[in-house]
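In: how does the following fold in three dimensions:
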Amino acid sequence: MWPASLSGRLMLSALLGMLAASLAAAALAVALLYVRDLEGRVDAKLVAELDELEHALRSDGAGRPTLAPLPSADMYDALRKDTAFRVVGADGRAAFASPAGLALQALERRPPGASELDLRGDGEPVRLRVREREVVRDGERYTLVAARSDRFVERLAEYARELHLGAVAATASFALAVFALVVWRNVRRAMVPLQRASAIAARIGPRTLSARLRVDGVPAEMAPLIDALNAALARLEHGFRVQQTFLATAAHELKTPLTLLQAEIELSQGTDKAAMLRETRLMARQVNQLLHLAEVSEAGNYRFARCSLWALAADAAGYLARHAERSGVALRVERTGAEPWVEADEGAVFVMLKNLLENAVRHSPAGGEVTLEVSPAGFAVSDQGPGVVAQDRAHLFERFWHGPDATGGAGLGLAIVREICVAHDWRVRFEDAAGGGARFVVAIDAADEGGAA
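Out: Numbering: from 1, shown residues only. I've put the predicted structure just below:
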C-alpha cells in the first residue's frame, strides 16, 4: 500500500527507482553473458590469443625472432589438453610453441586450413577450435596458430557468470542499503521545516492569530502552500479583528441611545413620548443595519438567480419614493441601453440600492434631485448635496464611520453596500457628481445585454 506520509512516499519512490535500476543492470549483465553463443565466445578468445601472440613476437638486434613472456603462459602450461599455440616461420618450422601436450601435438598434426581438431584418448573427447594469422617482423613472415577447446571456454563462461552475477547482487544490495540510508537522512532533514511549520500551525488560536508559518528551509515545492496558508491566516486575523471591532462599536452605538432612553424615563416628570419614540427608532434602525450587515457578510446567505437590473432599480425607487417626497427630494430613474440581465441575489441588490438611494436622499437639500442611472455597465446614484471632502473619501465604506455633519444612522449603510458588491464580484466607487454632490457607481462586468429571463 502507498504510504500516507510524504517522507514514506519519497523513501519508497527512491528505493523503487534504485531497485529498478539494479534489476536493469543485472538483466543487462546476464544478457551480455548469455546472448553470445559458444562458437562466438571461442572465436573471441582465439582472436584475443592471436593478438597477444602478435604483440609478444619481436626481433632481437641480430634479426632473430624472440617471444616476450605471455600473460597467459601459465594457462598454456596447466591446460595442455585444452589450449596451445605455435609460431611458424616461413620455412615451416616452429619458432615458438606452447608447452608440450595433447593440444600441441594435435596442432602440429593439423591438416592445412583445418579449423577444428578432435582429441580422442583417455577421458572425455575434446574438440579444439583453431585460428591462424600471418604477421611480418623485420621482413620475415610468420604464421600464428592458436587452438582452444570448447569445454574450456564454456567452463570459463560459467565461472564468469557466477562471478559477475554474485558481484552484481552484492553490489546492488550494498548500493541499496547505502542509498536507503542517505535518502532516509535527507528526507528527515527535508521534513524538519515542515514539522516546524506544523507545530506553529497547531499552536495558532484566537489569541495567537498573528503567528505565521516559517518558509525558511521549506522545500521549494511546499513554499507556495506555506505562503497560501500565511495569506489565509492574515485574512482570518483581519476578519477576526474586524469582528471584534464590530462588536465593540456596535455595543458603543447601542449604549448611547439606551442610556438616553433610560435617563428620559428616570428623570422626566411626565412621559416624553416623542423623545422616547425617536430613540427607539434610532435603536431599531441600528439593529436592522447590524442584522443586514451580518447577513450580507455571510456568503451562504446569498441565493443567486437571473434577474433584470431595470426591475431591481424600479423596485428600490418605488420603495423610497414616499420617503423622498416627504424630504422634498425628487427621485428620478434613468435607463440607458438594452435591458441588462445578471446572476444576482435580488434581496441583497434591493438592500444595496435602498441604502444608496436613502443615503442620497438624506444628504440632498429640499428641492434637490436624486438620480438612479441603470445601464448594462451597472448602477449609479447621484445627489445634489454638499459632496464628500477629500480627506473623508477613504473612510466612506468603513463600518460605523460617520461624516462630520452626519445626523442619525449607524454608519453601516455604505459598508453593507460594499459587502454586497464583494459577494457579487462587483465594484463600488465614489465620484464627484457633475453638478456638485456625491455619485456612487456600482460597476458590473458580467451584465448580459438584451437577454430574456
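
In: I'd assumed Tyr142 was in contact with Glu134.
Out: Yes - with contact defined as CB atoms under 8 Å, Glu134 reaches Tyr142; the gap is 7.1 Å. Where you see a C-beta, it was placed from the backbone N, CA and C, and this is true even at glycine.

In: ok, the two, which is more surrounded?
Out: A count of neighbours by other CB atoms under 10 Å puts Tyr142 above the other of Glu134 and Tyr142, at 20 against 11.

In: the more buried one: helix or strand, and which one exactly?
Out: Using DSSP states H and E, Tyr142 falls within strand 140-149.

In: buried stuff in that strand?
Out: Neighbour-count burial for strand 140-149, counted by 16 or more other CB atoms under 10 Å, picks out 142-149.

In: cool, stretch 57-73 as well?
Out: By 16+ other CB under 10 Å, the buried positions in stretch 57-73 come out as 57, 65, 70.

In: then stretch 198-217?
Out: Buried residues in stretch 198-217, counted by 16+ other CB under 10 Å: 204, 209, 212-213, 215.

In: how long is that stretch from one end to the other?
Out: 14 Å (CA to CA, to the nearest Å).

In: with stretch 106-124 instead?
Out: Separation of the first and last residues of stretch 106-124 by CA to CA is 16 Å.

In: buried residues of that stretch, list them for me.
Out: Buried residues in stretch 106-124 (16+ other CB under 10 Å): 106-107, 110, 117, 119.

In: out of these, which comes closest to Ala344?
Out: Leu117 (102.1 Å; CB to CB).

In: regarding the closest one, what is its secondary structure?
Out: Secondary structure assignment for Leu117 (DSSP: H, G, I helix; E, B strand; the rest coil): strand.

In: pretty sure it sits against Ala106.
Out: Yes - Leu117 is within contact range of Ala106, at 4.6 Å (criterion: CB under 8 Å).

In: between these two, which contacts overlap?
Out: Shared contacts of Leu117 and Ala106 (CB atoms under 8 Å, 6 or more residues apart in numbering): 128, 147.

In: which of the buried residues of stretch 106-124 sits closest to Arg326?
Out: Using CB to CB, Leu117 is the member of the buried residues of stretch 106-124 that lies nearest Arg326, at 130.7 Å.

In: list the contacts of that closest one.
Out: Contacts of Leu117 by CB under 8 Å, 6+ apart are 106-107, 110, 127-128, 130, 147.

In: check contacts around the spatially closest residue to it that is not a sequence neighbour.
Out: Nearest residue to Leu117, sequence neighbours excluded (CB to CB, 6 or more residues apart in numbering): Leu128, at 4.2 Å. Neighbouring residues of Leu128 by CB under 8 Å, 6+ apart: 82, 84, 103, 106-107, 116-119, 147-149.

In: what does Lys45 give?
Out: 148, 153, 156.

In: do I have it right that the first one meets Phe85?
Out: No - at 9.3 Å, Arg148 does not count as touching Phe85 under the criterion of CB under 8 Å.

In: between these two, what contacts are shared?
Out: Joint contacts of Arg148 and Phe85 (CB under 8 Å, 6+ apart) are Glu49.

In: is Asp392 in a helix, a strand, or coil?
Out: Three-state call for Asp392 (three-state DSSP): helix.

In: let me see the confidence value for it.
Out: You'll see Asp392 listed with a pLDDT of 77.

In: neighbours around it, how many?
Out: The number of residues packed near Asp392 is 14, by other CB under 10 Å.

In: give me the distance between it and Ile226.
Out: Between Asp392 and Ile226 the computed distance is 40 Å (CB to CB, to the nearest Å).

In: so where does Arg418 fall, helix or strand?
Out: Element membership of Arg418 [criterion: DSSP H and E] is helix 413-423.

In: for that helix, buried residues please.
Out: Within helix 413-423, the residues that qualify as buried are 413-421, 423, counting by 16+ other CB under 10 Å.

In: quick revisit: ok, so of the contacts of Leu128, who is nearest Ala44?
Out: Nearest to Ala44 among these, with distances taken as CB to CB, is Arg148, at 10.4 Å.

In: beta partners of the closest one?
Out: The residues listed as beta-bridge partners of Arg148 by DSSP bridges are Thr83, Arg129.

In: what pLDDT is listed against it?
Out: pLDDT, Arg148: 84.

In: for Phe397, same thing?
Out: For Phe397, the predicted pLDDT is 78.

In: and the protein, what are its domain boundaries?
Out: Per automatic domain parsing, the domain ranges recorded for the chain read 59-150, 223-296, 302-449.

In: turn those into a markdown table, columns for distance to Leu12.
Out: Below are these laid out as a markdown table (distance: least, CB to CB, whole Å):
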| stretch | distance to Leu12 |
| --- | --- |
| domain 59-150 | 48 |
| domain 223-296 | 22 |
| domain 302-449 | 44 |
